[in-house]
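need a structure here:
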Amino acid sequence: MLTVTIDGVEVEVEAGATVLQACEQAGKEIPRFCYHDRLNIAGNCRMCLVEMENSPKPIASCAMPIGDGMVIHTNTPQVRKAREGVMEFLLINHPLDCPICDQGGECDLQDQAMAYGLDHSRYRENKRAVKDKDLGPLVKTVMTRCIHCTRCIRFATEIAGVEELGALGRGEHMEISNYIERALTSELSGNIIDLCPVGALTSKPYAFTARSWELNTTETIDAHDAVGSNIRVDSRGRSVLRVLPRLHEDVNEEWLSDKARFANDGLRRQRLDRPYIRCDGRLQPSTWDDAFSAIADRLKATNGDRIAAIAGDMACAESMIALKDLMTALGSPHVDCRQDGAKLETEVRASYLFNTTIAGIEDADACLLIGTNPRWEAALVNARLRKRYLAGGFRILSVGPELDLTIPVETLGGGPDALAALADGSLSSSAVLSNVERPMLILGQGALARFDGSAILGAARCIAERCNMVQDGWNGFNVLHTAAARVAGLDLGMVPEQGGRDVSGILEGAGNGDLDAVFLLGADEINTSDLGDAFVIYLGHHGDAGANRADVVLPGAAYVEKNATWVNTEGRAQLGQRAVFPPGDAREDWAVVRALSEVVGHTLPYDDLASVRARLAEIAPLLGSPDEIGPATWGAFGTDGAMNSDPFASPVSDFYMTNAICRASETMAACSAQILGAGPRDTGTHG
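Presented below is the predicted three-dimensional model:
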C-alpha cells in the first residue's frame with residue numbers, strides 16, 4: 001500500500017492505482033469525459049486535471065500512476081482555472097443545441113459545464129460541422145456534438161471485440177467514424193449510447209420520444225435470455241419507452257445486449273388484450289367467464305392422463321408453479337418446461353447450472369465450448385469470456401460449428417466424435433484442460449436438444465471429471481441456457497412425472513389422439529402443427545404461433561408487466577418488478593391459472609403473490625433467497641449411450657428473432673434485415 005496526501009488528508013492506496021482512483025477513494029469528485037472504469041485509459045479530454053506538488057503544471061489524474069508520498073490538491077484556484085479552460089475548449093465547436101438534443105437532462109457535458117465551466121466563451125470563430133455517420137438501426141449520430149473522448153472506440157475494440165469504430169484525420173479535422181459505412185455488427189453496440197458523455201450517440205428508436213424527467217423508472221430483470229441482466233425500465237403511462245442496464249457486477253456488470261435494450265417496441269404490437277374462443281375456425285373475442293367456461297367444460301370431460309402442459313421460454317416461476325399444481329390436481333403427469341426438448345435432468349442440480357458462475361469465468365484458466373455459440377445465445381457471457389481472454393493465459397477450445405466469438409477459438413471438431421475423443425483422453429487437446437488449475441466447459445442447448453442429448457450430457461460429465469474440472473472450491477461444469485424460464489422450471493420440477501410425456505411425447509400424443517387437451521404457457525417455439533386435433537389452451541402475451549393454433553386464448557402479462565421471480569443460468573433467483581400494467585383485460589399469468597383452477601373445481605391454495613412465493617420457497621428454497629447462489633451438489637447424471645455423429649448446431653439462428661416479443665418488434669426486424677441480411681420476415685401470427 002502507498003500513502004498519498006489528498007487535500008490535506010492521508011490516504012492508503014494500492015500500488016498501480018491512478019491519482020484519479022486515489023482521489024475517488026478519498027471521497028473527492030473528479031470530473032472526467034474520456035475516463036471510464038472498464039476501459040483502457042486514453043487521457044485525451046484533460047478534464048480531470050489536478051495539482052500535484054513539485055509538478056510545474058496540472059496533471060491528468062486519470063493517466064498518472066500514484067506514487068508514495070504524493071501530495072495532491074483537487075480544488076485550488078489553479079485547478080479550477082485549468083478546468084474552466086478545458087471546458088471552454090470543449091465547447092468551442094459544440095453546437096449548444098441542448099433544447100433539441102435527446103441527451104438533454106442526463107448529459108455529462110451539461111452537468112460538468114454547470115459545475116466546472118464559465119458562463120461565457122471568448123471564442124467567436126465559426127463552429128465546425130461534422131457529417132453524421134450511419135451506424136445502423138440502433139444508434140443515432142449527431143457527430144458535430146462529439147468531443148472525441150473515444151469511449152465508443154475503446155468499447156467497440158476492447159469490450160465488444162468488433163473493431164468497427166475509429167478516429168479518422170488529425171487535429172480539427174479528426175472525426176469518429178466507422179471505417180466502412182455500414183451497421184455496427186456487435187450484439188452489444190447499444191452500450192456506446194450509455195458511454196457517450198454528450199449527445200453525439202443516442203438511441204435511434206427512442207429519438208424524440210420523451211424527456212428523462214417525464215419517465216417513471218422501475219428496476220427489474222431482463223427475460224430475453226438466461227443471463228438475468230439487471231435492467232431499468234423507463235415508462236410513461238402504459239408504454240415502455242426504453243430499457244437501460246443496471247449495475248450488477250456478478251451478472252451483467254453495467255452492459256446490456258441489444259436485444260434486451262431495443263426490443264421493447266415489440267411490447268406494444270400484436271398484444272393479446274382480451275380472451276378469445278375459436279368459433280367456426282376463427283378466434284373470436286370473448287369474456288373471461290365464457291373462456292373459462294369453455295375450458296372447464298372440456299377439462300371436466302377429460303381424464304387427467306389425457307391432459308398436458310408445456311411452459312414457454314419466458315414463463316416466470318410463479319406462473320409455472322401454478323400451472324404445475326393445477327396439472328397435478330387434474331391428475332396429469334405430462335408437464336414440461338424444456339420447450340426445445342433438451343435432455344436435462346432435475347435429480348442433480350449441478351447438472352443444469354452454470355456452476356462456475358458468470359463472474360467466475362474471470363478465474364478460469366481454459367474453456368471448452370460444446371455445441372454453443374455464446375455470442376448469440378448469451379452475449380454478456382461471451383463478453384466475460386473475452387474479458388478473461390484479454391487478461392492473458394486463457395485458451396478456448398470448441399466442439400461444434402466454426403465460431404466468431406471476437407476471440408481466438410480452437411475448433412477440435414464439429415460433433416460428438418471429437419467429444420468422445422476428449423472423454424476418453426485420446427485427443428491430444430485434452431491436455432490443455434488437464435494441465436491447468438481451473439478448467440471449465442460450457443455445454444450449450446445445441447448439444448442437449450437432440451435425441452442423443454442425454455448421452456452428450458453424460459460425455460460432458462466424463463470430460464469434467466477426467467480433466468479435474470470439479471474440485472474443492474471450483475466447479476467448471478456449466479450449462480448455458482437460452483431460456484429465462486428454464487432453470488426455474490427445472491428447480492420446480494416442471495418435468496414429466498413417472499409415466500409422463502416430455503415435449504416430444506406431448507406433441508406426438510396430441511397428434512395421434514392420445515392426448516385430448518394441451519395447455520401452452522407462452523409456448524411459441526414448438527411446431528404447433530403437431531398438436532393435431534387436441535384442444536389447445538394458450539396463456540400468453542403475444543399473438544404468436546401458440547395463439548394462432550389455440551382453441552381458447554387467455555391474455556397474460558409480459559415480463560415487464562408483472563412482479564415475478566426469474567432464475568438465471570447460474571441458478572441466481574432475482575425479483576422482477578412490474579413497470580407497467582398489461583393491456584386491456586390481460587392479467588398476471590399465475591392469477592389467471594389460479595382463477596381457472598377455481599372454475600375447473602381444483603382451487604389452488606394461494607390467493608396472493610406472497611402465498612405463491614411461499615409455495616416456490618417450499619419446493620425450491622433458493623427461490624426464496626433473491627440474488628444468492630447456493631452450492632449445487634455434484635453427482636451422476638447423463639447416460640453412457642451412443643452419440644449420433646451429426647455435427648452440433650446452435651439453437652439460435654437469428655440473434656434478433658428468438659421470442660414472441662422480438663418477432664413483434666420492428667426494431668429487431670430492421671436489425672435482422674440490415675445487420676444479418678435476413679431480409680423481410682413474418683414478425684408474428686394472428687388467429
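
Report the next helix or strand after the lowest-mean-pLDDT helix or strand in the chain in sequence order.
When each helix and strand of the chain is scored by mean pLDDT, DSSP states H and E, helix 430-434 comes last, with a mean of 87. Where DSSP states H and E defines the elements, the next helix or strand beyond helix 430-434 is strand 439-444.

and that following strand, what does it pack onto?
Under the contact criterion of 3 or more C-beta pairs under 8 Å, 6 or more residues apart in numbering; DSSP states H and E, strand 439-444 touches strand 366-370, helix 374-377, helix 453-466, strand 477-480. Heads up, the C-betas are built off the backbone N, CA and C, glycines and all.

Touching the second one from outside, list them.
Residues from elsewhere that reach helix 374-377 (C-beta atoms under 8 Å, 6 or more residues apart in numbering): 187, 225, 381-382, 385, 403-406, 442, 444-445, 480, 482, 650-652, 655.

can I assume Thr157 is in contact with Glu163?
Yes - Thr157 is in contact with Glu163 according to C-beta atoms under 8 Å; the separation is 5.2 Å.

Show me which of those two is the more surrounded one.
A direct count of neighbours by other C-beta atoms under 10 Å for Thr157 and Glu163 places Thr157 higher, at 17 against 13.

Look at the more buried one and report its pLDDT.
Model confidence at Thr157, given as pLDDT, is 95.

The one 4 residues further on too?
Per-residue confidence for Gly161 comes out at a pLDDT of 95.

Report how many residues lie close to it.
21.

mind listing what it touches?
Gly161 neighbours (C-beta under 8 Å, 6+ apart): Ser186, Arg386, Leu405, Thr406, Ile407.

Apply 10 Å and report the result again.
186, 188, 375, 382-383, 385-387, 389-390, 404-407 (C-beta atoms under 10 Å, 6 or more residues apart in numbering).

Apart from its neighbours in sequence, what residue is nearest Met1?
Leaving aside its sequence neighbours, Met1 sits nearest to Glu12 (C-beta to C-beta, 6 or more residues apart in numbering; 4.5 Å).

Now do the helix or strand harbouring the one you found: which elements does it pack against?
Assigned by DSSP H and E, Glu12 belongs to strand 9-13. On a contact count with 3 or more C-beta pairs under 10 Å, 6 or more residues apart in numbering; DSSP states H and E, strand 9-13 meets strand 2-6, helix 19-25.

winner for burial among the ones you listed?
Neighbour counts (mean count of other C-beta atoms under 10 Å) averaged over each of the helices and strands packed on strand 9-13 peak at helix 19-25, with a mean of 21.

Name the strands paired with the next helix or strand after it and say parallel or antiparallel.
Where DSSP H and E defines the elements, the next helix or strand beyond helix 19-25 is strand 49-52. As defined by DSSP bridges, the strand partners of strand 49-52 come to strand 59-60 (antiparallel), strand 71-73 (antiparallel).

Just the local confidence number for the residue nearest to Met1, please.
What the model reports as pLDDT for Glu12 is 92.

how near is Thr411 to Leu403?
Thr411 is 7 Å from Leu403, where distance means C-beta to C-beta, to the nearest Å.

which residues do those two both contact?
By C-beta under 10 Å, 6+ apart, Thr411 and Leu403 have these common neighbours: Leu369, Ile396.

Compare those two (neighbour count), which wins?
Neighbours were counted for Thr411 and for Leu403 using other C-beta under 10 Å; Leu403 has more, 19 against 15.

Just say helix, strand or coil for that one.
coil (DSSP: H, G, I helix; E, B strand; the rest coil).
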